[in-house]
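Peer 1: Please find the sequence and the predicted model below.
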Amino acid sequence: GQNIDQPTEMTATEGAIVQINCTYQTSGFNGLFWYQQHAGEAPTFLSYNVLDGLEEKGRFSSFLSRSKGYSYLLLKELQMKDSASYLCAVRRSGSARQLTFGSGTQLTVLP
Amino acid sequence: GAVVSQHPSWVICKSGTSVKIECRSLDFQATTMFWYRQFPKQSLMLMATSNEGSKATYEQGVEKDKFLINHASLTLSTLTVTSAHPEDSSFYICSARPGDYYSYEQYFGPGTRLTVT
């Protein structure tokens, strides 16, 4: 089975930096994704990590440690529009490569 | 970029009726599509994996006779909620994965809000 944990809610101030953590326990691992989802909308892809280390993409960075079953999403220079739910998802091994999502972290950016 | 559409975007139906939701990949061929359900303030729960030309694979606890999935072509998968009940009210989201084995992304549709009265 798979178990993915992330904090339920976080609050940060506009212009600040926030780190959203995700820990996972899986029977098979084939990559970790981060998605952003605004209420009532579909998730949008932010990042993908399959090897250990940091992937940087503009204001967003994602880190993975496979040995620790740990990832984080780092958001810099926060903007009000970054208020959303951030979903950590682990891709299963196997031909279909399904995603299992964590419960999501609701981030609120305050002015 | 890869675009996935869903139709309808929202639907209201009466208890006991059936509802069909379509998921289309508009600019790529998707050998695999996925159907998710999301309840308010909860995460996406995978319901089933749909492969073109074969039977869908359902996740544990999902009734295959209630949620009928048909993936008749490389660009279209449908989900039919049969004999809908109020507890089936939810946000249904599909995603599609391109046929390229090395493609790692799933592209999500905009979702369908189902309300059963």
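Peer 2: Thanks, I have the structure now. Numbers count the residues shown, from 1 in each chain, chains lettered A, B, ... in the order given.
Peer 1: excluding its backbone neighbours, what's nearest the residue of chain B found nearest chain A?
Peer 2: Proximity of chain B to chain A (Cβ to the nearest Cβ) peaks at residue B:108, 4.0 Å away. C-beta coordinates here come from the backbone N, C-alpha and C atoms, glycine included. Spatial nearest neighbour of residue B:108, chain neighbours left out: residue A:42 (4.0 Å); criterion: Cβ to Cβ, 6 or more residues apart in numbering or on different chains.
Peer 1: And for the one you found, the neighbour number?
Peer 2: 21 (other Cβ atoms under 10 Å in any protein chain shown).
Peer 1: from memory it sits against residue B:106, does it?
Peer 2: No - contact criterion Cβ atoms under 8 Å: residue A:42 and residue B:106 do not qualify, at 10.6 Å.
Peer 1: residues in contact with residue B:90?
Peer 2: The contact partners of residue B:90, taken as Cβ atoms under 8 Å, 6 or more residues apart in numbering or on different chains, are B:37, B:38, B:39, B:114.
Peer 1: ugh, wrong one, I meant residue A:53
Peer 2: So residue A:53 contacts A:63, A:64 (Cβ under 8 Å, 6+ apart).
Peer 1: any idea how far it is from residue A:64?
Peer 2: 7 Å (Cβ to Cβ, to the nearest Å).
Peer 1: Just the pLDDT for the residue nearest to residue B:108.
Peer 2: Note on residue A:42: pLDDT of 86.
Peer 1: Over to residue B:29?
Peer 2: So residue B:29 comes in at 88 (pLDDT).
Peer 1: Ok, residue B:91 next?
Peer 2: On pLDDT, residue B:91 comes in at 95.
Peer 1: wait, what's in contact with the nearest residue to it once chain neighbours are set aside?
Peer 2: Excluding the flanking residues, the one nearest residue B:91 by Cβ to Cβ, 6+ apart is residue B:38, at 4.5 Å. Contact analysis of residue B:38 by Cβ under 8 Å, 6+ apart lists B:44, B:45, B:90, B:91, B:92, B:93, B:111.
Peer 1: what's the most distant pair in these?
Peer 2: The span of those, defined through Cβ to Cβ, is set by B:45 and B:111 at 13.5 Å.
Peer 1: who has more neighbours, the two?
Peer 2: Comparing residue B:45 with residue B:111 by other Cβ under 10 Å, the one with more neighbours is residue B:111, at 23 against 16.
Peer 1: surely the more buried one meets residue B:44?
Peer 2: No - because the distance of 9.9 Å does not satisfy Cβ under 8 Å, residue B:111 is recorded as not touching residue B:44.
Peer 1: Name the residues contacting each of these two.
Peer 2: Taking Cβ under 8 Å, 6+ apart as the contact rule, residue B:111 and residue B:44 both touch B:38, B:93.
Peer 1: Run through the residues that contact the closest residue to residue A:70 other than its chain neighbours.
Peer 2: Closest residue to residue A:70 apart from its sequence neighbours, by Cβ to Cβ, 6+ apart: residue A:23 at 5.4 Å. By Cβ under 8 Å, 6+ apart, the residues touching residue A:23 are A:4, A:5, A:6, A:68, A:69, A:70, A:71.
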